[in-house]
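Undergrad: Could you work out the structure for the sequence below:
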Amino acid sequence: MKIILVCLALLGATYAHLPIEEVEKRCLVDKPDVSQGVAYVADTDCAYFWQCDFAYTLLKNITLKKCPIGTLWVTIGILASPPAPGQEPVVCVNCELQPDPVCHVKYPLGSKQCPYHPPPVPTTTEKPPPLGPKRCTLRPQNLEFQEIVGEVSKIWYLGANQTYDCGHLPFSFHKCGCLAAKEFPISWNFVVNLNSYGNRIYAANEPVGTVKLSGDGCAVFNGSGGLQIPYFKNMRPRTNWVTGVVFNRPKKQNATILYQCISIYIEGDEVSAAVVVQNPLGEKQTLNVSVTAPGAGYIGVIVIWDGKILTLTVYAAGAVYQNSAAVAIDPDNDYTCSIVCLPQQPLFVSYYPLDDPPPWPGPGVWPGPWPYAGLPGSYSGNICLLFFTDEVYPNADAVKADMQLGYFGPSW
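TA: Reported below is the predicted structural model:
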């Protein structure tokens, strides 16, 4: 699913959307029961909807999102009559199934939001420009595009026999669509992102006061709580994913560093990582990998997923420790698998959520009971960098080089 994030600061001059003040009120009406949940609000423009992110039961962020091409939000947000609490439908449906006639006036079948399926018949007499060999088909809409020689942002739309323009964005034949500004890598800045309202990659402290900033760019975790990062809610499956963390181990402890799409744990000198992956048939399996990496001071942990192999690399006390785990071999199919993120779950830093009991990775990976002082598995120490990207790297050293760009915390 392709979702377009829209900058709220530009809304007033460009779109007639539901006022942000009204959205906040409706977010609170549909406030979720769980502390790290989300709520949804219909917009006055039925091609859009609003996502309300809650952290520790507090409304932390509101984002306008757009339904994928070929779909519309099932309701229209009418200013005078908001839906009853808990009654906001949460779905983008096929254009043909959207029941509101007002919506179809703005987005009739054949419009850019609701193209015909199959593609529309030619509607112009535009003469085709010189065309190159690259072609792609956008599924499930069956929209076919072909390269225009010498162009980067313009392509030929075969269904309508006309030029399609991505504006200032390049067109990707791999994704068969306009390529938005790079989403990754994200190098975490705790000073900017800790408890900052309206920041797309903010982190919320749970419980409040258990994480503080140090003077060297690190976050200090007191062992009774942690952070949650709503940006990772509903993240699409990833066949390539890299996570990097820099932290210290001031004492021997069994603790969580990250928990969700990529989970990282420590037990004394042992560092472990775990992921849940699925193949194109939806069949899932869990991969666990660990290394023993002794040493004082700060360590760097890099976890790389390439669609088939999970590789854990730890830089500690001048040494490098590495181990990997591969998906089970299917003799009949050479599948590439994707990391699976739990729906509506943020990324948890330094703890497990209270309403999500910790999984048991198995003997030899996490022996002994979880320490339940404060929130489950809470970490005590300093975390100085979180790094996330879907870029493809040749090895962990190349990732480390990117992690160190602009890094000003303690050496590792």
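
Undergrad: So which residues make contact with stretch 104-114?
TA: Stretch 104-114 has contacts (C-beta atoms under 8 Å, 6 or more residues apart in numbering) with 45-47, 67, 69-70, 72, 95-96, 98, 115-116, 120. In this view, the C-beta of every residue, glycine as well, is placed from N, C-alpha and C.

Undergrad: rounded to a whole number, what's the mean pLDDT of it?
TA: Averaging pLDDT along stretch 104-114 yields 88.

Undergrad: any weak-confidence spans in the stretch 251-400 of the chain?
TA: Counting by pLDDT under 70, the stretch 251-400 of the chain has low-confidence residues at 343-344, 354-376.

Undergrad: Show me the strands in it, by range?
TA: Per DSSP state E, counting those that start in this stretch, the stretch 251-400 of the chain carries strands over the ranges 254-259, 263-267, 270-278, 284-292, 298-305, 309-316, 319-326, 338-339, 347-349, 380-389.

Undergrad: Could you export these as a markdown table, including distance to residue 208?
TA: Converted to a markdown table, these look like this (distance: least, C-beta to C-beta, whole Å):
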| stretch | distance to residue 208 |
| --- | --- |
| strand 254-259 | 19 |
| strand 263-267 | 24 |
| strand 270-278 | 28 |
| strand 284-292 | 33 |
| strand 298-305 | 26 |
| strand 309-316 | 32 |
| strand 319-326 | 36 |
| strand 338-339 | 30 |
| strand 347-349 | 15 |
| strand 380-389 | 17 |
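
Undergrad: how about those strands, which one is nearest residue 205?
TA: Set against residue 205 and scored by C-beta to C-beta, the strands of the stretch 251-400 of the chain come closest in strand 347-349, at 9.8 Å.

Undergrad: from the chain's centre, how far out does that closest one sit?
TA: 12 Å (C-alpha atoms, centre = their mean, to the nearest Å).

Undergrad: Kindly report the same for stretch 45-61.
TA: For stretch 45-61, the distance to the chain centre is 15 Å (C-alpha atoms, centre = their mean).

Undergrad: Who are the contact partners of the nearest residue to residue 306 once chain neighbours are set aside?
TA: Excluding the flanking residues, the one nearest residue 306 by C-beta to C-beta, 6 or more residues apart in numbering is residue 240, at 6.1 Å. By C-beta under 8 Å, 6+ apart, residue 240 lies in contact with 305, 306, 307, 390, 391, 392.

Undergrad: how does it look with 10 Å?
TA: 304, 305, 306, 307, 336, 338, 339, 389, 390, 391, 392, 393 (C-beta atoms under 10 Å, 6 or more residues apart in numbering).

Undergrad: Now list the buried members of the residues you listed.
TA: 304, 305, 306, 307, 338, 339, 389, 390, 393 (16 or more other C-beta atoms under 10 Å).

Undergrad: so, if you compare those residues, which one comes nearest to residue 187?
TA: For the buried ones among the contacts of residue 240, the closest approach to residue 187 (C-beta to C-beta) belongs to residue 389, at 9.0 Å.

Undergrad: The closest one and residue 398 touch, don't they?
TA: No - taking contacts as C-beta atoms under 10 Å, residue 389 lies outside contact range of residue 398: 11.2 Å.

Undergrad: what touches both of these two?
TA: What both residue 389 and residue 398 touch, as defined by C-beta under 10 Å, 6+ apart, is the set residue 242.

Undergrad: Of the contacts of stretch 104-114 - the most surrounded one?
TA: residue 72 (29 neighbours; other C-beta atoms under 10 Å).

Undergrad: Quick check: pLDDT value at the nearest residue to that residue once chain neighbours are set aside.
TA: Counting by C-beta to C-beta, 6+ apart, residue 98 is the residue found nearest to residue 72 once chain neighbours are left out, at 4.2 Å. pLDDT recorded at residue 98 is 73.

Undergrad: Go through the lengthiest helix in the chain and flag the buried ones.
TA: Ranked by residue count under DSSP state H, the longest helix found in the chain is helix 20-29. By neighbour count on 16+ other C-beta under 10 Å, the buried set for helix 20-29 is 22, 23, 26, 27, 29.

Undergrad: The next helix or strand along the chain from that helix packs against which elements?
TA: Downstream of helix 20-29, the first helix or strand assigned by DSSP states H and E is strand 38-42. On a contact count with 3 or more C-beta pairs under 10 Å, 6 or more residues apart in numbering; DSSP states H and E, strand 38-42 meets helix 20-29, strand 48-55, strand 58-66, strand 71-73.

Undergrad: Can you check which of the ones you listed gets nearest to residue 253?
TA: From those, taking C-beta to C-beta, the stretch that ends up closest is strand 48-55, at 24.9 Å.

Undergrad: partner strands of the closest one, parallel or antiparallel?
TA: Counting by DSSP bridges, the strands paired with strand 48-55 are strand 38-42 (antiparallel), strand 58-66 (antiparallel).

Undergrad: Taking helix 20-29 as reference, get the angle to that strand.
TA: Relative orientation of strand 48-55 versus helix 20-29 (axes from the mean of the first three to the mean of the last three C-alpha atoms, to 10 degrees): 60 degrees.

Undergrad: Could I have the CA atoms of strand 48-55 written out in CSV?
TA: Extracted in CSV, the C-alpha atoms of strand 48-55 (Å, rounded to 0.1, in the frame of the first residue of the first chain):
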residue,chain,number,x,y,z
TYR,A,48,-7.8,11.5,2.5
PHE,A,49,-8.0,10.5,6.1
TRP,A,50,-6.3,11.5,9.4
GLN,A,51,-4.2,9.2,11.7
CYS,A,52,-4.0,10.2,15.3
ASP,A,53,-1.1,8.7,17.2
PHE,A,54,-1.3,8.2,21.0
ALA,A,55,1.6,7.5,23.3
